[in-house]
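Undergrad: task: produce atomic coordinates for the following.
(2 chains, ligands or ions: 1)
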Amino acid sequence: MGKKICWAVIFITIAVNVVMVQWTVEATLGREYSIVPIYSGISIVMVFIAFFTYLQWKKLEYSESHDE
Amino acid sequence: MMSEAIALYRKPLKGVEKMSNECKKERHAKRSKSDMVNLIQNVDQKDDLKYNRRAFLKTAVGASMALGLSTVPFSVRAMMGLSEPDHERVEIAKLADLPEGDSVTFYYPTENDPALLIHTVNGDLVAYNSACTHLMCPVFYEKEEDVLLCPCHKGYFDVNNGHPVAGPPQRELPLIEIEVENGTVYAVGRQFRHG
Ligand code: FES
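TA: Residues are numbered from 1 along each chain as shown, chains lettered A, B, ... in the order given. Next up is the predicted model:
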């Protein structure tokens, strides 16, 4: 995975998380308690994706070979 | 030949001479007056180290993770509150006291949940929690237009089903289930997402 793709993935996770926060709040206020954990689960998955993508990017960014 | 070159080299140029005279006065000045030196004066090295591409991406990762984790308390609360308690049956009003086009405020299911029982101009009986789903202002029944109005930001709700029709509200008003028995209206339950 290249550095550019890492950037893209991280920004996609931000976008998805923003939407999930909005939907979670709406579902909570609407007392739709069965779907709140689903949105929240998607958010958590995104958190892990963001974190591991960041680790990957860090490895590339701070490695000795500058191939870009 | 060689000495000629050195002589030429030593011979001060006009401009340089002038500059060295100027410099004499400001030898200890903090900032240079030379344009070439000042070219980089607006470059703040500290900021360059702090606000760069790498820092930006790290902040983005942090923001994404913070956003994602902020949904966790909601789902914890949702899992704890999965079972909505059964509501009791509460008397609201006598039908005789509520002519068509009139509404009465009551509290259901708790003292902190204001609600509105409406006898619409068409003769229907409906009840909703009256806290606007936008920012909790109380909504009123407008009998001239047969609509529920939230005056705070001009939010309109359909009186027949409680769904928002105009303005900022996005969700419907919680519906109070009612029963009429012997001319008395009772509240028996509540639905959040309906219709
Ligand atoms: S609070 Fe009702 S429209 Fe804003």
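Undergrad: quick one, what contacts the closest residue to the ligand within chain A?
TA: Nearest residue of chain A to the ligand (Cβ to the nearest ligand atom) works out as residue A:29 at 13.0 Å. In short, each C-beta sits where N, CA and C put it, glycine included. Taking Cβ atoms under 8 Å, 6 or more residues apart in numbering or on different chains as the criterion, residue A:29 is in contact with B:133, B:171.
Undergrad: hmm, try it at 10 Å
TA: B:74, B:133, B:170, B:171, B:192 (Cβ atoms under 10 Å, 6 or more residues apart in numbering or on different chains).
Undergrad: which among those residues gets closest to the ligand?
TA: After measuring these against the ligand - Cβ to the nearest ligand atom - the closest member comes out as residue B:133, at 7.5 Å.
Undergrad: got the contacts of residue A:29 as TSV, with distance to residue A:15, pLDDT and neighbour count columns?
TA: Putting the contacts of residue A:29 into TSV (distance: Cβ to Cβ, whole Å; pLDDT from 0 to 100; neighbours: other Cβ atoms under 10 Å in any protein chain shown) gives the following:
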residue	distance to residue A:15	pLDDT	neighbour count
B:74	19	91	21
B:133	26	89	24
B:170	20	88	12
B:171	23	88	17
B:192	28	83	17
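Undergrad: whichever strand or helix holds residue A:8: what's the following helix or strand?
TA: Using DSSP states H and E, residue A:8 maps to helix A:3-29. The first helix or strand that comes after helix A:3-29 along the chain, using DSSP H and E, is helix A:36-61.
Undergrad: next, the angle from that following helix to helix A:3-29.
TA: Per axes from the mean of the first three to the mean of the last three Cα atoms, to 10 degrees, the angle that helix A:36-61 makes with helix A:3-29 is 160 degrees.
Undergrad: which neighbouring elements make contact with helix A:36-61?
TA: helix A:3-29, helix B:53-69, helix B:72-80 (3 or more Cβ pairs under 10 Å, 6 or more residues apart in numbering or on different chains; DSSP states H and E).
Undergrad: out of those helices, name the one with the poorest average pLDDT.
TA: Mean pLDDT is lowest for helix B:72-80 among the helices and strands packed on helix A:36-61, at a mean of 88.
Undergrad: neighbouring strands of the helix or strand that that one is followed by in the sheet, and parallel or not?
TA: Per DSSP H and E, the first helix or strand lying C-terminal to helix B:72-80 is strand B:90-94. Sheet partners assigned to strand B:90-94 using DSSP bridges are listed as strand B:184-191 (antiparallel).
Undergrad: tell me the buried residues in the strand it pairs with?
TA: B:185, B:187, B:189, B:190 (16 or more other Cβ atoms under 10 Å in any protein chain shown).
Undergrad: pull the most distant pair out of those.
TA: B:185 and B:190 (14.8 Å; Cβ to Cβ).
Undergrad: domain assignment for chain B?
TA: Using automatic domain parsing, the domain parsing of chain B gives B:2-79, B:90-191.
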